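Trainee: sequence unavailable; structure follows:
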């Protein structure tokens, strides 16, 4: 008799959490339109990539945009967008390669690609990022999930400096230092 009550309680709790999160993302988009980046003292990632809550604008990345997808709703995989047929990534075998947007997702569990944008839904592009990424195609890096991963490679493309970047959040911190405004990870147009 108690088991159905527990299941009902869990289902109710999940529904409330889902609605709360949907409301948060809706309010985020409303506030985003009215925000002024110069009013903020503390820049941060305002909208994280999420296959579960990815409503909003669809964005077409620009050459040199930073893109990512989810891996098992736990990790993120990053790369540098050149065009729909070319995303440059560090694969888990250590080879830097150019793959299509579809192939970028095929090897991961995520359903969507996300691009780092500003508050106006404009993809963030750093001068030299695309050129540095292109120059690395077919090079090899000793891959390590913690010490030398896709985030470290993308950071190198952004800054030209090869420093240890272990996590997606650390890459976001580096990007925040470069752009000096909030970051919103928006869903790429699936075309």
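Mentor: Received, thanks. These numbers were taken from a predicted model, which means no experiment stands behind them. Numbers count the residues shown, from 1 in each chain.

Trainee: now residue 60: closest residue in space, sequence neighbours ignored.
Mentor: Taking CB to CB, 6 or more residues apart in numbering as the measure, residue 60 lies nearest to residue 189, with 5.2 Å between them; neighbours along the chain are not counted. In short, each C-beta sits where N, CA and C put it, glycine included.

Trainee: now swap in residue 105 and tell me
Mentor: The shortest distance from residue 105 to any non-neighbouring residue, by CB to CB, 6+ apart, is to residue 69 (5.7 Å).

Trainee: shouldn't that neighbour be within a strand?
Mentor: Yes - assessed by DSSP: H, G, I helix; E, B strand; the rest coil, residue 69 belongs to a strand.

Trainee: OK, contacts around residue 137?
Mentor: 88, 96, 97, 98 (CB atoms under 8 Å, 6 or more residues apart in numbering).

Trainee: tell me the secondary structure for it?
Mentor: The assignment at residue 137 comes out as coil when based on three-state DSSP.

Trainee: nearest the middle, which residue of this protein would you pick?
Mentor: Centroid-nearest residue in the chain: residue 68, 3.9 Å away (criterion: CA atoms, centre = their mean).

Trainee: list the contacts for that residue?
Mentor: Contact partners of residue 68, counting by CB under 8 Å, 6+ apart, are 49, 76, 77, 78, 79, 113, 114, 168, 185.

Trainee: please enumerate the helices of the chain.
Mentor: With DSSP state H applied, the chain shows helices at 2-34, 101-106, 129-135, 150-159, 168-179, listed in chain order.

Trainee: mean pLDDT lowest where, among the ones you listed?
Mentor: The weakest mean pLDDT among the helices of the chain belongs to helix 2-34, with a mean of 49.

Trainee: so what does the longest strand along the chain touch, helix or strand wise?
Mentor: Counting residues, the longest strand found in the chain (DSSP state E) is strand 75-83. Using 3 or more CB pairs under 8 Å, 6 or more residues apart in numbering; DSSP states H and E as the contact criterion, the secondary-structure elements in contact with strand 75-83 are strand 65-71, strand 86-90, helix 129-135, helix 150-159, helix 168-179.
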